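*Asks:* Got a predicted structure here, sequence first:
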Amino acid sequence: MTASTATRWIALIALTAAVTAGMAAVAVPSPALFAGLLVATSLALAGRGPATVPQPATTAAQAVIGVVIGLLARPETLTGLAKDWLPVVLISLATLAVSMAAGLLLGLRRGVTPLTGMLALTAGGASGLVAVTRDLGGDERLVAVVQYLRVGIVTATMPLVAALAYGAAAGGGSAPADPGGPPWWYGLVLLVVCAGAGVPLARLTRMPAGGLLGPMLVAIALNLAGVADGASVPVVVVELAYAVIGWQAGVRFTRASLRTVLGALPAALGLIITIIAACAGLGVLLSALTGASLLDTYLATTPGGVYAVLATAISSGSDVTFVVAVQVLRVIVMLLVAPALARLARRITRRSDGGDEADEHPADQHAVAGSSDPGGGEHGGQHGLAHQLVGDQPGHDEAEGLVGEQQRELVLDEQEPTRRHQHAEQHDGGEEPLAVEDQMPSKDH
C-alpha cells in the first residue's frame with residue numbers, strides 16, 4: 001500500500017466515524033452504512049477516495065450481516081407463527097412479487113437495468129441486498145440509495161399512519177423482558193463459526209449471494225437448535241460491516257452514475273409509495289386470514305424498518321411477538337428468494353441481448369459479478385467484457401445498447417487505474433480502441 005493510498009483510507013475511516021456519530025445522535029437507521037456511503041461518494045467524486053474496497057473485506061461484511069439476520073430467527077419468536085405460517089409465507093411472497101414488479105418498472109428507465117431495479121425495490125433486508133448486489137451483477141450505488149430511501153420513508157411515516165389510520169396510542173405496552181444474553185465474546189465466536197462454515201458451504205453449492213446467505217443459513221440453524229442462546233454479534237463489528245458495505249457502493253460513484261441515480265429518484269419515490277400502500281392492503285388481507293388486529297398486521301407487513309416497527313409495536317401495545325416474527329420471516333424469505341430471481345432475470349436479459357453468446361464467455365460473467373477467480377486474470381476478464389460491450393456493438397440500436405449500460409460502467413470504473421495502459425496495448429496490436437472509455441475523464445487515484 002502506497003502512502004497516497006494509506007492517506008485516502010485514513011481519511012475515509014476518520015470521516016466515516018465522525019459522520020456515523022452524528023447520524024446516530026439523530027437516530028438515523030443504519031448510521032454507519034449511511035455515513036460510509038455518503039463519505040465514500042463524496043471522496044470518490046472529489047478524486048480523493050480509495051479506488052476500490054478489497055474483496056475479502058466485502059465478503060466479511062456480507063457474512064456479518066448474514067449472521068445478524070440469521071440470529072433474529074429465534075425459536076421463541078417463530079413459534080408464535082405456528083398456526084399461521086401458511087398465510088404469513090403467502091403474504092411475504094406477495095410482498096416480494098409486488099416489490100419486484102415495481103423494480104421491473106424502475107428498470108424501464110434509461111441507465112437502470114431490470115436486475116438493478118428489482119434489487120433496489122425488493123422490500124426486505126436492505127443492508128443484505130446492498131451487500132450482494134454487485135455479486136449478482138447489479139449496480140450497488142443505485143440499490144443503496146433507493147433501498148435506504150425506502151427505509152427512511154417507512155420509518156418516518158409508519159408511526160403517523162399507525163396513529164391516524166389504526167388508532168395506535170403511545171404507552172400501551174412494554175418491551176419483552178431481557179433476561180441477559182451471553183457475553184459479547186460468545187457472539188463473536190458464533191460469528192466466526194457461522195462465517196467459517198457458511199462461506200465455504202455457499203461456494204461448494206454455488207449459492208447466489210453466498211457470502212451473505214451461507215452464514216445466514218448456518219446462523220438460523222444454530223439459532224433454532226438452541227446453540228445461539230440469545231447471542232448477538234457485537235455492535236462494533238456490525239457497524240464496521242455496515243460501513244464497509246457503504247464504502248463498497250460509494251467508492252464507485254462517478255459524476256455520470258450520480259446523475260443516473262438522481263434521475264431515477266422521482267420514479268423510485270413514486271414506486272416506493274405504491275409498494276407501501278400495497279403492503280398495507282396485504283396487511284388487511286393478513287388480518288382476515290389470521291384474525292390478528294389490523295394494527296398488528298399493518299406493522300407486520302410494513303416494508304422495512306424492522307427496529308422502528310418494533311419500537312412502534314411496543315409503544316402501541318401491539319402483539320410484539322407476532323409483528324417481529326412476520327417481519328423476520330419476510331426478510332429471510334426476501335433474501336433467500338431475491339438472489340435466485342435476480343440471477344434468473346440476469347440470464348433472461350443476456351439471452352434477449354444476444355442469445356447464448358454471454359454464456360460462452362465465463363470471463364465476462366466474472367467481470368460483471370465481481371467474484372474472484374483464482375485461475376484467471378480479473379482485469380483480463382473485465383477488459384474482454386468492456387471490449388465486447390463497447391467496441392463490438394457500433395451498429396446496435398438504442399434499446400440493445402442500454403441493456404448492458406450499467407454493467408459497462410461497472411467495468412470501466414474498475415479499469416480506470418490501467419485504462420491508458422490497456423488502450424495503448426490494443427492500439428499497438430491493431431485492435432479497435434475503446435472509444436467510450438477514452439472519452440471518460442481520468443480520476444486521481
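*Replies:* That came in fine, so what should we check first? Numbers count the residues shown, from 1 in each chain.
*Asks:* C-alpha from now on. contacts and neighbour counts both.
*Replies:* Fine.
*Asks:* which residue ranges form the helices in the stretch 151-300 of the chain?
*Replies:* According to DSSP state H, counting those that start in this stretch, the stretch 151-300 of the chain carries its helices in the segments 184-205, 210-224, 235-250, 255-290, 294-301.
*Asks:* right, so of the ones you listed, which gets closest to Ala18?
*Replies:* Comparing the helices of the stretch 151-300 of the chain by their distance to Ala18 (Cα to Cα), the top pick is helix 235-250, with 12.0 Å.
*Asks:* quick check: angle from that closest one to helix 184-205?
*Replies:* 40 degrees (axes from the mean of the first three to the mean of the last three Cα atoms, to 10 degrees).
*Asks:* hmm, back to that, can you add distance to Phe34, mean neighbour count and mean pLDDT and give the helices of the stretch 151-300 of the chain back as TSV?
*Replies:* Listed next are those as TSV, based on distance: least, Cα to Cα, whole Å; neighbours: other Cα atoms under 10 Å; pLDDT from 0 to 100:
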stretch	distance to Phe34	mean neighbour count	mean pLDDT
helix 184-205	23	18	92
helix 210-224	19	25	89
helix 235-250	6	23	91
helix 255-290	16	17	93
helix 294-301	24	27	92
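*Asks:* Export those helices as a markdown table, with columns for distance to Ser99.
*Replies:* Formatted as a markdown table, those follow (distance: least, Cα to Cα, whole Å):
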| stretch | distance to Ser99 |
| --- | --- |
| helix 184-205 | 26 |
| helix 210-224 | 20 |
| helix 235-250 | 22 |
| helix 255-290 | 6 |
| helix 294-301 | 12 |
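*Asks:* So for Ser316, which of these sits nearest?
*Replies:* helix 294-301 (9.1 Å).
*Asks:* In contact with the spatially most central residue of the chain: list those residues for me.
*Replies:* The residue lying closest to the centre of the chain (Cα atoms, centre = their mean) is Val130, at 1.6 Å. Residues near Val130 by Cα atoms under 8 Å, 6 or more residues apart in numbering: Glu140, Val143, Ala144, Gln147, Ile245.
*Asks:* repeat that with 10 Å
*Replies:* The contact partners of Val130, taken as Cα atoms under 10 Å, 6 or more residues apart in numbering, are 62, 119-120, 138-148, 242, 245-246, 248-249.
*Asks:* With Leu310 instead?
*Replies:* Contacts of Leu310 (Cα under 10 Å, 6+ apart): Ala175, Leu299, Ala300, Ser316, Ser318, Val320, Thr321, Val323, Val324, Gln327.
*Asks:* Would you reformat the residues you listed as a markdown table and include distance to Val39?
*Replies:* Shown next, in a markdown table, are those (distance: Cα to Cα, whole Å):
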| residue | distance to Val39 |
| --- | --- |
| Ala175 | 35 |
| Leu299 | 33 |
| Ala300 | 33 |
| Ser316 | 37 |
| Ser318 | 38 |
| Val320 | 36 |
| Thr321 | 37 |
| Val323 | 35 |
| Val324 | 32 |
| Gln327 | 30 |
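*Asks:* Can I have the buried ones of those residues as a ChimeraX selection?
*Replies:* Filtering the contacts of Leu310 down to the buried ones (16 or more other Cα atoms under 10 Å) takes a single ChimeraX command:
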select :299,300,316,318,320,321,323,324,327
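*Asks:* Closest one to Val112 out of the contacts of Leu310, please.
*Replies:* Distance to Val112 across these (Cα to Cα) is lowest for Gln327, with 28.6 Å.
*Asks:* how far away is the residue nearest to that closest one when sequence neighbours are not counted from Val244?
*Replies:* Nearest non-adjacent residue to Gln327, counting by Cα to Cα, 6 or more residues apart in numbering: Ala300, 5.6 Å away. Ala300 sits 29 Å away from Val244, going by Cα to Cα, to the nearest Å.
*Asks:* Could you do Val261 as well?
*Replies:* Going from Val261 to Val244 by Cα to Cα gives 20 Å.
*Asks:* per-domain residue ranges of the protein.
*Replies:* Split into domains by automatic domain parsing, the chain comes to 15-349, 363-438.
*Asks:* Tell me which of those sits most buried.
*Replies:* Comparing those by mean neighbour count (mean count of other Cα atoms under 10 Å), domain 15-349 comes out on top with a mean of 20.
*Asks:* Can you classify Pro303 as helix, strand or coil?
*Replies:* Under DSSP: H, G, I helix; E, B strand; the rest coil, Pro303 falls in the coil class.
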